[in-house]
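**Q** pasting a predicted model and its sequence here:
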Amino acid sequence: MRRALLLLWLLLALPGHAEPRAGQISGYHLLGEELQALQDDDFANPGMLWVDRGQRAWDAAAGASGTSCRDCHGGPERMQGLATQLPRWNSDQERLENLEGLIRNCRSARQQAEPPAYESDEMLALTTVIAHQSRGLPLAVAVDGPAADAFAAGRDAFARRRGQLDLSCADCHDRHAGARLRGETISAGMINGFPLYRLTWEGMGSRQRMIRWCNEAVRAEPLQPDTAKALALELFLAWRSRGLELESPAIRR
Amino acid sequence: MTLSARVRLPQQARSGEVVEIRTLVSHPMETGFRVDSFGRRIPRRILTRFSCRYAERLIIDMELRPGISANPYLAFRFVADRSGEIELRWQGDQGEELVERGHLEVTPA
Amino acid sequence: MTAFLRRRSLLQGLAGGAFVLVAPRALADLGSRLDAALAERFGERRPEQGGVELELSRLVENGNSVAVTVRASPDEPTPAALHLFMPRNPEPWGTSFQVAPPALAEFSTRIRLAGTQDVMAVAEWADGRLGATAVSVMVTLGACADDLYLEF
(Lines give C-alpha, C1' and ligand atoms only; values in the text may rest on other atoms or scores of the structure.)
Protein backbone atom coordinates (compact mmCIF):
# COMPACT_ATOMS: atom_id res chain seq x y z
CA MET A 1 0.00 0.00 0.00
CA ARG A 2 2.77 2.43 0.87
CA ARG A 3 4.30 1.64 -2.47
CA ALA A 4 1.03 2.39 -4.23
CA LEU A 5 0.84 5.74 -2.50
CA LEU A 6 4.42 6.52 -3.40
CA LEU A 7 3.68 5.71 -7.01
CA LEU A 8 0.73 8.01 -6.82
CA TRP A 9 2.79 10.87 -5.47
CA LEU A 10 5.26 10.36 -8.26
CA LEU A 11 2.48 10.43 -10.80
CA LEU A 12 1.02 13.54 -9.28
CA ALA A 13 4.43 15.16 -9.17
CA LEU A 14 4.82 15.05 -12.93
CA PRO A 15 5.04 18.54 -14.42
CA GLY A 16 1.63 20.14 -14.94
CA HIS A 17 -0.05 20.70 -18.27
CA ALA A 18 -3.35 22.45 -18.78
CA GLU A 19 -4.88 19.26 -20.15
CA PRO A 20 -6.88 16.77 -18.16
CA ARG A 21 -4.69 13.88 -17.05
CA ALA A 22 -5.74 10.26 -16.88
CA GLY A 23 -8.06 9.62 -13.93
CA GLN A 24 -9.33 13.18 -13.96
CA ILE A 25 -12.98 13.07 -14.63
CA SER A 26 -15.55 15.69 -13.84
CA GLY A 27 -18.20 14.64 -11.31
CA TYR A 28 -20.68 15.55 -14.06
CA HIS A 29 -19.98 12.23 -15.77
CA LEU A 30 -21.03 10.32 -12.65
CA LEU A 31 -24.48 11.90 -12.73
CA GLY A 32 -27.39 10.05 -14.27
CA GLU A 33 -29.08 11.41 -17.36
CA GLU A 34 -31.74 13.27 -15.43
CA LEU A 35 -29.28 15.21 -13.29
CA GLN A 36 -26.98 15.95 -16.23
CA ALA A 37 -30.02 17.38 -17.99
CA LEU A 38 -30.78 19.48 -14.90
CA GLN A 39 -27.26 20.91 -14.89
CA ASP A 40 -27.45 21.64 -18.61
CA ASP A 41 -30.84 23.35 -18.38
CA ASP A 42 -29.99 26.99 -17.78
CA PHE A 43 -33.51 27.68 -16.71
CA ALA A 44 -34.27 24.82 -14.33
CA ASN A 45 -30.78 24.44 -12.83
CA PRO A 46 -31.43 25.72 -9.28
CA GLY A 47 -27.88 27.11 -9.10
CA MET A 48 -28.99 29.75 -11.57
CA LEU A 49 -31.03 31.31 -8.75
CA TRP A 50 -27.68 32.25 -7.20
CA VAL A 51 -26.35 33.57 -10.49
CA ASP A 52 -29.39 35.86 -10.71
CA ARG A 53 -29.01 36.93 -7.15
CA GLY A 54 -25.28 37.52 -7.64
CA GLN A 55 -26.08 39.81 -10.53
CA ARG A 56 -28.34 41.86 -8.28
CA ALA A 57 -25.75 41.96 -5.47
CA TRP A 58 -23.15 43.04 -8.03
CA ASP A 59 -25.23 46.10 -8.92
CA ALA A 60 -26.19 47.06 -5.36
CA ALA A 61 -24.37 49.93 -3.64
CA ALA A 62 -22.93 48.99 -0.27
CA GLY A 63 -21.00 50.41 2.66
CA ALA A 64 -19.69 53.85 3.58
CA SER A 65 -18.35 54.28 0.04
CA GLY A 66 -21.83 53.90 -1.44
CA THR A 67 -20.33 52.07 -4.42
CA SER A 68 -21.35 48.86 -6.17
CA CYS A 69 -19.07 46.27 -7.72
CA ARG A 70 -20.27 47.56 -11.09
CA ASP A 71 -19.12 51.11 -10.36
CA CYS A 72 -15.50 49.99 -10.27
CA HIS A 73 -15.44 46.76 -12.25
CA GLY A 74 -18.11 47.14 -14.94
CA GLY A 75 -20.23 44.01 -15.53
CA PRO A 76 -19.47 40.62 -13.98
CA GLU A 77 -18.39 39.41 -17.44
CA ARG A 78 -15.22 41.41 -16.83
CA MET A 79 -14.28 38.67 -14.33
CA GLN A 80 -14.16 36.04 -17.06
CA GLY A 81 -11.25 33.66 -16.55
CA LEU A 82 -10.53 34.74 -12.98
CA ALA A 83 -12.13 31.74 -11.26
CA THR A 84 -9.97 29.31 -13.28
CA GLN A 85 -6.81 30.80 -11.75
CA LEU A 86 -7.76 30.71 -8.08
CA PRO A 87 -6.50 30.32 -5.51
CA ARG A 88 -3.34 32.27 -6.33
CA TRP A 89 -0.40 33.60 -4.42
CA ASN A 90 -0.53 37.17 -3.17
CA SER A 91 3.08 38.27 -2.84
CA ASP A 92 2.30 41.38 -0.78
CA GLN A 93 0.43 39.47 1.87
CA GLU A 94 2.49 36.34 1.42
CA ARG A 95 -0.54 34.10 1.40
CA LEU A 96 -2.90 32.33 -0.95
CA GLU A 97 -6.12 34.08 -1.81
CA ASN A 98 -9.27 32.48 -3.16
CA LEU A 99 -12.36 34.05 -4.67
CA GLU A 100 -14.06 34.49 -1.32
CA GLY A 101 -10.96 36.26 0.03
CA LEU A 102 -10.79 38.64 -2.94
CA ILE A 103 -14.44 39.56 -2.54
CA ARG A 104 -14.15 40.05 1.20
CA ASN A 105 -11.16 42.24 0.63
CA CYS A 106 -12.96 44.49 -1.87
CA ARG A 107 -15.98 44.67 0.35
CA SER A 108 -14.10 45.82 3.42
CA ALA A 109 -11.20 47.83 1.96
CA ARG A 110 -12.90 49.42 -1.05
CA GLN A 111 -16.62 49.47 -0.30
CA GLN A 112 -15.95 49.99 3.41
CA ALA A 113 -18.69 47.57 4.38
CA GLU A 114 -18.96 44.43 6.44
CA PRO A 115 -17.63 41.62 4.22
CA PRO A 116 -20.11 38.80 3.49
CA ALA A 117 -19.57 35.74 5.69
CA TYR A 118 -18.29 32.51 4.18
CA GLU A 119 -21.20 30.38 2.86
CA SER A 120 -23.67 33.21 3.37
CA ASP A 121 -26.17 33.55 0.58
CA GLU A 122 -24.64 36.84 -0.49
CA MET A 123 -21.16 35.34 -0.66
CA LEU A 124 -22.40 32.34 -2.63
CA ALA A 125 -24.35 34.62 -4.96
CA LEU A 126 -21.25 36.73 -5.69
CA THR A 127 -18.86 33.80 -6.06
CA THR A 128 -21.33 31.95 -8.28
CA VAL A 129 -21.96 34.85 -10.61
CA ILE A 130 -18.20 35.41 -10.93
CA ALA A 131 -17.34 31.72 -11.42
CA HIS A 132 -20.19 31.37 -13.92
CA GLN A 133 -18.40 33.86 -16.20
CA SER A 134 -15.66 31.24 -16.64
CA ARG A 135 -17.99 28.37 -17.46
CA GLY A 136 -16.42 26.25 -20.19
CA LEU A 137 -12.88 27.53 -19.53
CA PRO A 138 -10.21 25.09 -18.30
CA LEU A 139 -8.90 25.34 -14.74
CA ALA A 140 -5.30 26.52 -14.75
CA VAL A 141 -3.75 27.54 -11.44
CA ALA A 142 -0.10 28.53 -10.97
CA VAL A 143 1.68 26.21 -8.55
CA ASP A 144 5.30 27.16 -9.21
CA GLY A 145 7.41 30.10 -8.06
CA PRO A 146 6.19 31.66 -4.82
CA ALA A 147 3.17 29.30 -4.70
CA ALA A 148 5.37 26.19 -4.65
CA ASP A 149 5.52 25.82 -0.87
CA ALA A 150 1.79 26.22 -0.42
CA PHE A 151 1.25 23.74 -3.21
CA ALA A 152 3.50 21.17 -1.53
CA ALA A 153 1.59 21.69 1.72
CA GLY A 154 -1.68 21.14 -0.11
CA ARG A 155 -0.45 17.96 -1.73
CA ASP A 156 0.68 16.76 1.62
CA ALA A 157 -2.67 17.51 3.23
CA PHE A 158 -4.43 15.58 0.48
CA ALA A 159 -2.36 12.47 1.07
CA ARG A 160 -2.23 12.59 4.87
CA ARG A 161 -4.55 10.33 6.79
CA ARG A 162 -6.81 12.12 9.20
CA GLY A 163 -9.61 11.76 11.67
CA GLN A 164 -11.06 8.90 13.66
CA LEU A 165 -11.48 6.92 10.45
CA ASP A 166 -7.83 7.41 9.56
CA LEU A 167 -8.56 8.10 5.90
CA SER A 168 -6.84 10.51 3.55
CA CYS A 169 -8.52 12.41 0.76
CA ALA A 170 -6.49 10.27 -1.64
CA ASP A 171 -7.81 7.05 -0.06
CA CYS A 172 -11.24 7.89 -1.39
CA HIS A 173 -10.70 10.12 -4.39
CA ASP A 174 -7.65 8.46 -5.93
CA ARG A 175 -7.66 4.89 -4.72
CA HIS A 176 -11.41 4.33 -4.49
CA ALA A 177 -12.75 6.68 -7.11
CA GLY A 178 -15.62 4.85 -8.79
CA ALA A 179 -16.36 2.71 -5.71
CA ARG A 180 -19.79 2.89 -4.08
CA LEU A 181 -20.18 4.36 -0.64
CA ARG A 182 -23.69 4.12 0.82
CA GLY A 183 -25.52 4.55 -2.46
CA GLU A 184 -23.07 7.22 -3.53
CA THR A 185 -20.34 6.76 -6.14
CA ILE A 186 -17.09 8.28 -5.00
CA SER A 187 -15.85 10.68 -7.64
CA ALA A 188 -12.29 11.68 -8.48
CA GLY A 189 -12.78 14.69 -6.17
CA MET A 190 -12.53 17.37 -8.85
CA ILE A 191 -13.48 20.95 -8.03
CA ASN A 192 -14.37 22.25 -11.47
CA GLY A 193 -18.08 22.47 -10.59
CA PHE A 194 -17.90 24.93 -7.68
CA PRO A 195 -19.74 26.82 -6.39
CA LEU A 196 -22.28 24.09 -7.04
CA TYR A 197 -25.75 22.92 -6.07
CA ARG A 198 -25.69 19.64 -4.14
CA LEU A 199 -29.00 17.90 -3.82
CA THR A 200 -27.84 16.53 -0.48
CA TRP A 201 -27.39 20.09 0.76
CA GLU A 202 -30.46 21.31 -1.08
CA GLY A 203 -28.43 24.39 -1.78
CA MET A 204 -25.19 25.90 -3.01
CA GLY A 205 -21.82 25.27 -1.49
CA SER A 206 -18.29 26.50 -2.03
CA ARG A 207 -15.13 24.47 -2.55
CA GLN A 208 -14.31 25.01 1.09
CA ARG A 209 -17.67 23.70 2.21
CA MET A 210 -17.03 20.51 0.26
CA ILE A 211 -13.58 20.16 1.81
CA ARG A 212 -15.10 20.62 5.27
CA TRP A 213 -17.86 18.13 4.50
CA CYS A 214 -15.39 15.45 3.45
CA ASN A 215 -13.11 16.28 6.33
CA GLU A 216 -16.00 15.85 8.75
CA ALA A 217 -17.07 12.61 7.08
CA VAL A 218 -13.82 11.08 8.31
CA ARG A 219 -14.32 12.68 11.73
CA ALA A 220 -11.27 14.89 11.51
CA GLU A 221 -10.61 18.23 13.22
CA PRO A 222 -12.56 20.99 11.47
CA LEU A 223 -10.70 23.03 8.86
CA GLN A 224 -11.43 26.77 8.94
CA PRO A 225 -12.04 28.15 5.44
CA ASP A 226 -9.46 30.94 5.35
CA THR A 227 -6.50 29.24 7.00
CA ALA A 228 -3.27 28.55 5.13
CA LYS A 229 -3.93 24.81 5.35
CA ALA A 230 -7.42 24.98 3.86
CA LEU A 231 -6.27 27.31 1.08
CA ALA A 232 -3.30 25.07 0.29
CA LEU A 233 -5.66 22.12 -0.04
CA GLU A 234 -7.88 24.17 -2.33
CA LEU A 235 -4.86 25.01 -4.49
CA PHE A 236 -3.89 21.37 -4.75
CA LEU A 237 -7.45 20.38 -5.66
CA ALA A 238 -7.55 23.07 -8.35
CA TRP A 239 -4.29 21.73 -9.74
CA ARG A 240 -5.60 18.15 -9.67
CA SER A 241 -8.58 19.43 -11.68
CA ARG A 242 -6.43 21.37 -14.15
CA GLY A 243 -7.66 21.36 -17.70
CA LEU A 244 -11.20 20.42 -16.75
CA GLU A 245 -13.83 22.92 -17.81
CA LEU A 246 -15.34 25.02 -15.10
CA GLU A 247 -19.05 24.14 -14.75
CA SER A 248 -20.40 26.48 -12.10
CA PRO A 249 -23.18 26.23 -11.13
CA ALA A 250 -22.82 22.45 -11.44
CA ILE A 251 -25.29 19.93 -10.00
CA ARG A 252 -24.05 17.10 -7.81
CA ARG A 253 -25.85 14.49 -5.79
CA MET B 1 -32.28 33.43 0.99
CA THR B 2 -34.96 36.01 0.27
CA LEU B 3 -37.78 34.92 -1.98
CA SER B 4 -36.81 35.39 -5.60
CA ALA B 5 -38.02 33.73 -8.76
CA ARG B 6 -36.90 32.87 -12.24
CA VAL B 7 -39.85 32.78 -14.60
CA ARG B 8 -40.14 32.12 -18.28
CA LEU B 9 -43.36 33.65 -19.57
CA PRO B 10 -44.58 33.64 -23.14
CA GLN B 11 -44.93 37.16 -24.51
CA GLN B 12 -46.61 36.52 -27.84
CA ALA B 13 -48.72 33.70 -29.19
CA ARG B 14 -51.29 32.96 -31.86
CA SER B 15 -54.82 32.35 -30.71
CA GLY B 16 -55.26 28.66 -29.90
CA GLU B 17 -51.53 28.06 -29.48
CA VAL B 18 -50.41 26.05 -26.44
CA VAL B 19 -47.80 28.02 -24.46
CA GLU B 20 -45.68 27.05 -21.47
CA ILE B 21 -44.77 28.82 -18.23
CA ARG B 22 -41.70 27.66 -16.31
CA THR B 23 -40.90 28.86 -12.81
CA LEU B 24 -38.15 28.36 -10.25
CA VAL B 25 -38.31 30.05 -6.87
CA SER B 26 -35.76 30.22 -4.09
CA HIS B 27 -37.17 28.70 -0.91
CA PRO B 28 -35.79 26.07 1.52
CA MET B 29 -39.10 24.15 1.77
CA GLU B 30 -38.00 23.10 5.25
CA THR B 31 -40.09 20.04 6.03
CA GLY B 32 -40.18 20.27 9.81
CA PHE B 33 -38.98 16.66 9.94
CA ARG B 34 -35.26 17.30 9.88
CA VAL B 35 -32.99 17.68 12.87
CA ASP B 36 -29.79 19.69 13.06
CA SER B 37 -26.50 18.29 14.28
CA PHE B 38 -27.46 19.05 17.88
CA GLY B 39 -30.58 16.93 17.55
CA ARG B 40 -32.92 19.91 17.49
CA ARG B 41 -35.85 19.78 15.14
CA ILE B 42 -35.68 22.43 12.42
CA PRO B 43 -39.04 24.19 12.30
CA ARG B 44 -41.24 23.76 9.27
CA ARG B 45 -41.10 26.56 6.76
CA ILE B 46 -42.64 26.01 3.36
CA LEU B 47 -44.35 27.70 0.47
CA THR B 48 -47.99 26.68 0.74
CA ARG B 49 -49.57 28.02 -2.40
CA PHE B 50 -48.84 28.93 -6.00
CA SER B 51 -51.40 30.44 -8.32
CA CYS B 52 -51.56 31.76 -11.85
CA ARG B 53 -54.08 34.24 -13.21
CA TYR B 54 -54.30 34.78 -16.92
CA ALA B 55 -56.50 37.50 -18.42
CA GLU B 56 -58.43 37.89 -15.14
CA ARG B 57 -59.06 34.16 -14.71
CA LEU B 58 -57.59 31.93 -12.03
CA ILE B 59 -56.27 29.06 -14.17
CA ILE B 60 -53.90 27.32 -11.72
CA ASP B 61 -54.18 27.06 -7.95
CA MET B 62 -51.66 24.72 -6.43
CA GLU B 63 -51.23 23.61 -2.85
CA LEU B 64 -47.59 22.93 -1.98
CA ARG B 65 -46.56 20.59 0.81
CA PRO B 66 -43.19 19.49 2.29
CA GLY B 67 -42.90 16.79 -0.38
CA ILE B 68 -42.00 19.47 -2.91
CA SER B 69 -38.22 19.90 -3.28
CA ALA B 70 -36.31 22.92 -2.00
CA ASN B 71 -36.26 25.77 -4.52
CA PRO B 72 -39.49 24.60 -6.12
CA TYR B 73 -39.67 24.14 -9.87
CA LEU B 74 -42.99 24.20 -11.67
CA ALA B 75 -43.92 24.12 -15.35
CA PHE B 76 -47.41 24.05 -16.86
CA ARG B 77 -49.15 24.88 -20.13
CA PHE B 78 -52.27 26.67 -21.27
CA VAL B 79 -54.05 27.62 -24.46
CA ALA B 80 -53.50 31.26 -25.42
CA ASP B 81 -57.00 32.50 -26.17
CA ARG B 82 -56.83 36.24 -25.53
CA SER B 83 -54.38 39.03 -24.74
CA GLY B 84 -54.00 39.82 -21.10
CA GLU B 85 -51.92 39.96 -17.98
CA ILE B 86 -50.30 36.87 -16.48
CA GLU B 87 -49.84 36.99 -12.73
CA LEU B 88 -47.88 34.37 -10.79
CA ARG B 89 -48.13 34.37 -7.01
CA TRP B 90 -46.30 32.33 -4.38
CA GLN B 91 -47.35 32.38 -0.73
CA GLY B 92 -45.48 30.97 2.25
CA ASP B 93 -46.42 29.89 5.75
CA GLN B 94 -44.49 32.84 7.23
CA GLY B 95 -46.75 35.30 5.46
CA GLU B 96 -44.23 35.87 2.68
CA GLU B 97 -45.50 36.54 -0.80
CA LEU B 98 -43.91 36.98 -4.19
CA VAL B 99 -45.69 38.16 -7.32
CA GLU B 100 -44.37 38.15 -10.89
CA ARG B 101 -46.29 39.67 -13.76
CA GLY B 102 -46.08 39.70 -17.52
CA HIS B 103 -48.23 40.45 -20.51
CA LEU B 104 -49.22 37.98 -23.21
CA GLU B 105 -50.13 39.42 -26.59
CA VAL B 106 -52.35 37.07 -28.58
CA THR B 107 -52.77 37.57 -32.32
CA PRO B 108 -55.49 35.94 -34.45
CA ALA B 109 -54.60 32.45 -35.64
CA MET C 1 -8.18 -2.84 1.83
CA THR C 2 -9.81 -4.65 4.74
CA ALA C 3 -9.01 -1.69 6.92
CA PHE C 4 -10.64 0.49 4.37
CA LEU C 5 -13.72 -1.69 4.31
CA ARG C 6 -13.93 -1.62 8.06
CA ARG C 7 -13.81 2.16 8.03
CA ARG C 8 -16.31 2.18 5.26
CA SER C 9 -18.87 0.17 7.16
CA LEU C 10 -18.31 2.46 10.12
CA LEU C 11 -19.08 5.39 7.89
CA GLN C 12 -22.13 3.62 6.61
CA GLY C 13 -23.29 2.97 10.12
CA LEU C 14 -22.83 6.58 11.10
CA ALA C 15 -24.66 7.84 8.09
CA GLY C 16 -27.40 5.28 8.62
CA GLY C 17 -28.36 7.10 11.80
CA ALA C 18 -29.74 9.86 9.66
CA PHE C 19 -32.59 7.68 8.51
CA VAL C 20 -34.29 7.48 11.88
CA LEU C 21 -37.11 9.81 10.92
CA VAL C 22 -37.95 7.94 7.77
CA ALA C 23 -37.60 4.40 9.05
CA PRO C 24 -38.70 1.80 6.50
CA ARG C 25 -42.23 0.54 6.94
CA ALA C 26 -43.85 -2.81 6.29
CA LEU C 27 -45.68 -3.04 3.00
CA ALA C 28 -49.03 -3.62 4.67
CA ASP C 29 -48.39 -0.48 6.64
CA LEU C 30 -47.63 1.39 3.43
CA GLY C 31 -51.12 0.67 2.19
CA SER C 32 -52.64 2.12 5.31
CA ARG C 33 -50.48 5.24 5.11
CA LEU C 34 -51.63 5.83 1.58
CA ASP C 35 -55.19 5.12 2.60
CA ALA C 36 -55.00 7.64 5.43
CA ALA C 37 -53.63 10.25 3.03
CA LEU C 38 -56.39 9.56 0.50
CA ALA C 39 -58.98 9.79 3.28
CA GLU C 40 -57.53 13.12 4.42
CA ARG C 41 -57.93 14.50 0.92
CA PHE C 42 -60.98 12.71 -0.48
CA GLY C 43 -63.02 11.50 2.50
CA GLU C 44 -64.84 8.30 1.53
CA ARG C 45 -63.98 8.45 -2.16
CA ARG C 46 -61.26 6.18 -3.57
CA PRO C 47 -59.77 6.28 -7.07
CA GLU C 48 -60.27 3.72 -9.82
CA GLN C 49 -57.34 2.69 -12.00
CA GLY C 50 -56.30 5.00 -14.88
CA GLY C 51 -57.31 8.36 -16.30
CA VAL C 52 -53.99 9.99 -15.40
CA GLU C 53 -50.38 9.65 -16.59
CA LEU C 54 -47.36 9.87 -14.34
CA GLU C 55 -43.84 10.31 -15.69
CA LEU C 56 -40.80 9.91 -13.47
CA SER C 57 -37.64 7.86 -13.61
CA ARG C 58 -37.80 4.47 -12.01
CA LEU C 59 -34.29 4.75 -10.60
CA VAL C 60 -33.56 7.92 -8.68
CA GLU C 61 -30.09 9.07 -7.62
CA ASN C 62 -31.08 11.40 -4.82
CA GLY C 63 -34.51 11.54 -3.23
CA ASN C 64 -34.18 15.25 -2.48
CA SER C 65 -35.08 16.22 -6.01
CA VAL C 66 -36.95 13.99 -8.41
CA ALA C 67 -38.41 15.31 -11.65
CA VAL C 68 -42.05 14.37 -12.18
CA THR C 69 -44.75 15.16 -14.73
CA VAL C 70 -48.44 14.51 -14.13
CA ARG C 71 -51.11 14.84 -16.79
CA ALA C 72 -54.67 13.73 -17.40
CA SER C 73 -54.96 10.97 -20.00
CA PRO C 74 -55.66 12.49 -23.41
CA ASP C 75 -58.86 10.47 -23.83
CA GLU C 76 -60.37 11.86 -20.62
CA PRO C 77 -62.32 15.09 -20.09
CA THR C 78 -60.25 17.76 -18.32
CA PRO C 79 -60.17 17.09 -14.57
CA ALA C 80 -60.58 19.82 -11.98
CA ALA C 81 -57.44 18.80 -10.11
CA LEU C 82 -54.36 16.58 -10.14
CA HIS C 83 -52.83 15.27 -6.91
CA LEU C 84 -49.58 13.54 -6.00
CA PHE C 85 -49.03 11.12 -3.14
CA MET C 86 -45.73 9.75 -1.86
CA PRO C 87 -46.89 7.11 0.64
CA ARG C 88 -43.53 6.55 2.31
CA ASN C 89 -42.77 10.21 2.92
CA PRO C 90 -43.33 11.60 6.43
CA GLU C 91 -46.27 13.45 4.84
CA PRO C 92 -47.69 11.27 2.07
CA TRP C 93 -49.87 13.97 0.51
CA GLY C 94 -47.43 15.78 -1.81
CA THR C 95 -49.34 18.44 -3.70
CA SER C 96 -52.69 19.31 -5.25
CA PHE C 97 -52.90 21.16 -8.54
CA GLN C 98 -56.28 22.73 -9.31
CA VAL C 99 -56.70 23.63 -12.90
CA ALA C 100 -59.30 25.56 -14.94
CA PRO C 101 -59.49 26.23 -18.69
CA PRO C 102 -57.67 27.40 -20.69
CA ALA C 103 -54.90 25.73 -18.62
CA LEU C 104 -54.09 22.13 -19.57
CA ALA C 105 -54.37 19.44 -16.92
CA GLU C 106 -50.62 18.90 -16.76
CA PHE C 107 -47.71 20.02 -14.62
CA SER C 108 -44.03 19.23 -14.04
CA THR C 109 -42.27 19.72 -10.74
CA ARG C 110 -39.55 18.22 -8.53
CA ILE C 111 -40.46 16.19 -5.45
CA ARG C 112 -38.80 14.60 -2.41
CA LEU C 113 -38.86 10.85 -1.95
CA ALA C 114 -37.84 9.44 1.42
CA GLY C 115 -36.86 6.08 -0.03
CA THR C 116 -38.07 3.52 -2.52
CA GLN C 117 -41.85 3.63 -2.93
CA ASP C 118 -44.88 3.67 -5.23
CA VAL C 119 -45.63 7.25 -6.17
CA MET C 120 -49.31 7.82 -6.97
CA ALA C 121 -50.94 10.46 -9.15
CA VAL C 122 -54.69 11.04 -8.80
CA ALA C 123 -56.96 12.95 -11.18
CA GLU C 124 -60.15 14.39 -9.75
CA TRP C 125 -63.10 15.37 -11.98
CA ALA C 126 -65.72 17.95 -11.13
CA ASP C 127 -68.34 15.22 -10.63
CA GLY C 128 -66.25 13.70 -7.85
CA ARG C 129 -64.82 10.79 -9.85
CA LEU C 130 -61.18 9.87 -9.11
CA GLY C 131 -58.61 8.06 -11.27
CA ALA C 132 -55.12 6.98 -10.21
CA THR C 133 -51.81 5.67 -11.56
CA ALA C 134 -48.86 4.50 -9.48
CA VAL C 135 -45.20 4.11 -10.44
CA SER C 136 -42.59 2.21 -8.43
CA VAL C 137 -39.49 4.26 -7.87
CA MET C 138 -36.22 3.01 -6.51
CA VAL C 139 -34.26 5.62 -4.58
CA THR C 140 -30.54 5.05 -4.00
CA LEU C 141 -30.07 8.09 -1.73
CA GLY C 142 -33.23 9.09 0.16
CA ALA C 143 -34.34 12.59 1.04
CA CYS C 144 -33.13 13.60 4.54
CA ALA C 145 -30.01 11.42 4.23
CA ASP C 146 -27.84 14.40 5.07
CA ASP C 147 -29.19 15.30 8.50
CA LEU C 148 -25.87 14.33 9.93
CA TYR C 149 -24.03 16.95 7.95
CA LEU C 150 -26.53 19.73 8.26
CA GLU C 151 -24.22 22.21 9.94
CA PHE C 152 -21.59 22.28 7.19
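**A** Ah, there it is.
**Q** quick one: low-confidence residue ranges for chain A.
**A** A:1-22, A:182-183 (pLDDT under 70).
**Q** which residues are in contact with the spatially most central residue of it?
**A** Closest residue to the average C-alpha location of chain A: A:R207 at 3.3 Å, with Cα atoms, centre = their mean. A:R207 makes contacts with A:N98, A:I191, A:F194, A:P195, A:E234, A:L237, as judged by Cβ atoms under 8 Å, 6 or more residues apart in numbering or on different chains. Using the backbone N, CA and C atoms, a C-beta is placed for each residue, glycine as well.
**Q** how about 7 Å then?
**A** A:I191, A:F194, A:E234, A:L237 (Cβ atoms under 7 Å, 6 or more residues apart in numbering or on different chains).
**Q** tell me the spacing between it and chain B.
**A** Using Cβ to the nearest Cβ, to the nearest Å, A:R207 is found at 20 Å from chain B.
**Q** from A:A83, how far out is the spatially closest residue to that residue that is not a sequence neighbour?
**A** In space, and not counting its chain neighbours, A:R207 is closest to A:F194: 4.5 Å by Cβ to Cβ, 6 or more residues apart in numbering or on different chains. Using Cβ to Cβ, to the nearest Å, A:F194 is found at 9 Å from A:A83.
**Q** which one's more surrounded, these two?
**A** Under the criterion of other Cβ atoms under 10 Å in any protein chain shown, the comparison of A:F194 against A:A83 puts A:F194 first, with 28 against 25.
**Q** so the more buried one makes contact with A:S206?
**A** Yes: applying Cβ atoms under 7 Å as the test, A:F194 and A:S206 come out as touching, 6.1 Å apart.
**Q** picking up where we left off before, mind putting the contacts of A:R207 in JSON lines, distance to B:I86 and secondary structure included?
**A** Output for those, formatted as JSON lines (distance: Cβ to Cβ, whole Å; DSSP: H, G, I helix; E, B strand; the rest coil):
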{"residue": "A:I191", "distance to B:I86": "41", "secondary structure": "coil"}
{"residue": "A:F194", "distance to B:I86": "36", "secondary structure": "coil"}
{"residue": "A:E234", "distance to B:I86": "45", "secondary structure": "helix"}
{"residue": "A:L237", "distance to B:I86": "45", "secondary structure": "helix"}
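**Q** who does the nearest residue to C:L56 once chain neighbours are set aside bridge with?
**A** Residue nearest to C:L56 in three dimensions, not counting chain neighbours: C:V68, with 4.3 Å by Cβ to Cβ, 6+ apart. When assigned by DSSP bridges, C:V68 has beta-bridge partners C:T109.
**Q** in contact with C:V68, which residues?
**A** Applying Cβ under 7 Å, 6+ apart to C:V68 gives the contacts C:E55, C:L56, C:S108, C:T109, C:I111.
**Q** please enumerate the helices of the chain.
**A** As the question left the chain open, I've gone with chain A. A:2-12, A:33-40, A:48-59, A:69-73, A:99-105, A:121-132, A:148-159, A:169-170, A:207-217, A:228-240 (DSSP state H).
**Q** my bad, chain C
**A** C:2-16, C:27-42.
**Q** list the buried ones in the last one?
**A** Read that as helix C:27-42. Neighbour counts over helix C:27-42 (16 or more other Cβ atoms under 10 Å in any protein chain shown) mark C:L30, C:R33, C:L34, C:A37, C:L38, C:R41 as buried.
**Q** quick check: residues of the stretch 1-150 of chain A near chain B?
**A** A:F43, A:A44, A:P46, A:M48, A:L49, A:D52, A:R53, A:D121 (Cβ under 7 Å from any Cβ of the partner chain).
**Q** give me the distance between the closest residue in space to B:F50 that isn't next to it in sequence and chain A.
**A** Nearest non-adjacent residue to B:F50, counting by Cβ to Cβ, 6+ apart: B:M62, 4.5 Å away. As defined by Cβ to the nearest Cβ, B:M62 lies at a distance of 17 Å from chain A.
**Q** and B:M62, that one's in a strand?
**A** Yes: applying DSSP: H, G, I helix; E, B strand; the rest coil, one finds B:M62 inside a strand.
**Q** go ahead and confirm it touches C:F97.
**A** Yes: applying Cβ under 7 Å, one finds B:M62 in contact with C:F97, separated by 4.8 Å.
**Q** can you tell me how far the closest residue to A:R53 other than its chain neighbours sits from chain C?
**A** Spatial nearest neighbour of A:R53, excluding adjacent residues (Cβ to Cβ, 6+ apart): A:A125 at 4.0 Å. Going from A:A125 to chain C by Cβ to the nearest Cβ gives 19 Å.
**Q** one more: A:I251?
**A** 9 Å.
**Q** do the same with B:V99
**A** Taking Cβ to the nearest Cβ, one finds B:V99 at 18 Å from chain C.
**Q** give the partner strands of whatever helix or strand that residue lives in in its sheet and their orientations.
**A** Using DSSP states H and E, B:V99 maps to strand B:97-107. Within its sheet, and counting by DSSP bridges, strand B:97-107 is paired with strand B:12-14 (parallel), strand B:84-92 (antiparallel).
**Q** buried residues, that strand. List them.
**A** B:L98, B:E100, B:L104, B:V106.
**Q** relative to chain A, how far out is the first one?
**A** Applying Cβ to the nearest Cβ, the value for B:L98 to chain A is 13 Å.
**Q** wait, that residue touches B:T2, no?
**A** No: counting by Cβ under 7 Å, B:L98 stays clear of B:T2, with 9.2 Å between them.
**Q** closest to C:P102 among the residues of the stretch 1-150 of chain A next to chain B?
**A** A:F43 (23.0 Å; Cβ to Cβ).
**Q** sweet, I'm off.
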